[in-house]
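[1] Quick one, what's the 3D model for this:
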Amino acid sequence: MGLFDFLLAKKQTASVAKDRLRIIVAHERATRGGPDYLPTLQRELLEVIRKYVNVDAEAVKVDLIGDGDNKVLDISVSLPENPAQA
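    Residues are numbered from 1 along each chain as shown. Alright, predicted model coming up:
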């Protein structure tokens with residue numbers, strides 16, 4: 001039984017790896033199709049926000065989301081909870 005369980009566990013691991021690879025490929029396809037100006041926009045937004053609040057580079061996220069026939073620019077900024085960091 002131990003050998004059979006070992007082989008069965010490989011199949012489950014392979015299935016999980018296959019699902020993870022699908023997610024990665026889908027994410028890469030989505031980001032590759034995006035406009036070239038998004039990284040520049042994200043960097044410039046970060047520079048402006050840093051004039052007023054001290055935030056990390058990972059605090060600003062810019063994504064382009066398809067909403068039917070329209071595209072929506074999604075900008076997310078994570079501000080520090082402690083006002084002393086501002």
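
[2] Start from the N-terminal end of the protein and give the strands.
    60-67, 70-77 (DSSP state E).

[3] Could you tell me how many residues sit around residue 62?
    20 (other CB atoms under 10 Å). All C-beta atoms are positioned from the backbone trio N, CA, C, and that covers glycine.

[4] need the contact list for it.
    Going by CB atoms under 8 Å, 6 or more residues apart in numbering, residue 62 touches 38, 41, 42, 45, 73, 74, 75, 76.

[5] hmm, try it at 10 Å
    Residue 62 is in contact with 34, 37-46, 73-77, counting by CB atoms under 10 Å, 6 or more residues apart in numbering.

[6] Looking at it now. What's its pLDDT?
    With respect to pLDDT, residue 62 scores 84.

[7] sorry, back to before: and the contacts of residue 62, which are buried?
    Those of those that meet the buried threshold are 42, 45, 46, by 16 or more other CB atoms under 10 Å.

[8] Tell me the spatial nearest neighbour of the last one, not counting adjacent residues.
    Nearest-residue entry for residue 46: residue 60, 4.7 Å, with adjacent residues in sequence omitted and distances by CB to CB, 6 or more residues apart in numbering.
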